[in-house]
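1. no sequence on hand, only this structure:
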Ligand SMILES: C[S@@+](CC[C@H](N)C(=O)[O-])C[C@H]1O[C@@H](n2cnc3c(N)ncnc32)[C@H](O)[C@@H]1O
């Protein structure tokens, strides 16, 4: 949880404030620092990508909100280039340390609202995991539109969020209802419905939209027309 003196939309200030040390950053990203768990969940994200949208050796892959490189360290070795984008320069420094031995990656600091600095039609796969709950709806949609811009024709984008319509997601929401309004941290998690995410993808121009709901999560992906 971050310093409540910031507004939610001050993404850079909020996330830099919780990521000065690597352990603080790991706690903010995942709620744990255990490296064994970092390995299993990082490999788990790579498996999720392989199963839903595929991962090819010649893919340029971009992660929005890459944190400390939890998944990047496992995705980079199986693609052509991995680009870690994050609003927090501190997070990106931790990512560079984690991926130290890896040569086919770069990091890009975003302003928190778009993918300025990334060329149009230059990426094959954009993914964003465990980030949308910290964004306002306008930024969620804008990153999906920006994903569309940076994807090559035929490229794919995949995002997840906590699913308000599931029992686990509803329990998560009710837990957050207990936080008094004046004490809500700026980066407090907010859920999505499957319809919300599907609407963004559709309006941004993606085709062949697909969704998977399980337990806490709704995952949505789509393809930029060829
Ligand atoms: C919960 S962490 C998840 C990190 C990583 N995706 C993972 O799964 O390990 C959320 C990340 O999103 C980043 N973030 C928050 N708001 C952002 C924004 N508006 N634009 C880009 N990154 C943002 C934070 O700095 C943080 O690294």
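-> Noted; the coordinates are in hand. What you see is a predicted model; the values in this text were computed from it and never measured.
2. from here on, contacts and neighbour counts on C-alpha atoms
-> Will do.
3. quick check on residue 106: phi, psi?
-> phi -140, psi 160 (degrees, to the nearest 10).
4. any idea how far the longest helix along the chain is from the chain center?
-> Counting by DSSP state H, the longest helix found in the chain is helix 35-52. How far helix 35-52 lies from its chain's middle: 14 Å, per Cα atoms, centre = their mean, to the nearest Å.
5. sheet-wise, list the partners of the helix or strand that it is followed by with their directions.
-> Sequence order places strand 60-64 as the next helix or strand after helix 35-52, per DSSP states H and E. Strand 60-64 has these partner strands in its sheet, going by DSSP bridges: strand 81-86 (parallel), strand 123-128 (parallel).
6. pull the residues that contact strand 60-64.
-> If you take Cα atoms under 8 Å, 6 or more residues apart in numbering as the criterion, strand 60-64 is touched by 72, 79-86, 122-129, 131.
7. run through the bridge partners of the spatially most central residue of the chain.
-> With distances taken as Cα atoms, centre = their mean, residue 128 lies nearest the centre of the chain, 2.8 Å away. Counting by DSSP bridges, residue 128 forms beta bridges with residue 159.
8. which ones are touching it?
-> When contacts are counted by Cα under 8 Å, 6+ apart, residue 128 touches 63-66, 158-160.
9. from the residues you listed, which are also near the ligand?
-> Contacts with the ligand within those, as defined by Cα under 6 Å from any ligand atom: 64-66.
10. is it possible to mark the buried ones in those residues?
-> Buried members of these, scored by 16 or more other Cα atoms under 10 Å, are 64-66.
11. just to revisit the earlier point, restrict the contacts of strand 60-64 to contacts with the ligand.
-> Among these, proximity to the ligand is found for 86, 129, 131 (Cα under 6 Å from any ligand atom).
12. neighbour-wise, which of the residues you listed leads?
-> The most crowded member of those, judged by other Cα atoms under 10 Å, is residue 86 (26 neighbours).
13. please report how far it lies from residue 70.
-> 13 Å (Cα to Cα, to the nearest Å).
14. export the strands paired with strand 60-64 to JSON lines and tack on mean pLDDT and distance to residue 32?
-> Converted to JSON lines, the strands paired with strand 60-64 look like this (pLDDT from 0 to 100; distance: least, Cα to Cα, whole Å):
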{"stretch": "strand 81-86", "mean pLDDT": "98", "distance to residue 32": "20"}
{"stretch": "strand 123-128", "mean pLDDT": "98", "distance to residue 32": "20"}
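15. could the ones you listed be laid out in CSV, adding distance to residue 104?
-> Below are the strands paired with strand 60-64 laid out as CSV (distance: least, Cα to Cα, whole Å):
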stretch, distance to residue 104
strand 81-86, 5
strand 123-128, 14
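16. which of those sits closest to residue 144?
-> Between residue 144 and the strands paired with strand 60-64, the tightest spacing by Cα to Cα is seen for strand 123-128, at 9.1 Å.
17. could you give the angle of that closest one to helix 35-52?
-> Counting by axes from the mean of the first three to the mean of the last three Cα atoms, to 10 degrees, strand 123-128 points 130 degrees away from the direction of helix 35-52.
18. list the buried residues of the helix or strand just after strand 123-128.
-> For strand 123-128, the following helix or strand on the C-terminal side (DSSP H and E) is helix 137-150. For helix 137-150, the neighbour count (16+ other Cα under 10 Å) marks 139-150 as buried.
19. show me what from the chain comes close to the ligand.
-> 11, 15, 29-30, 64-67, 70, 86-88, 91, 112-113, 129-131.
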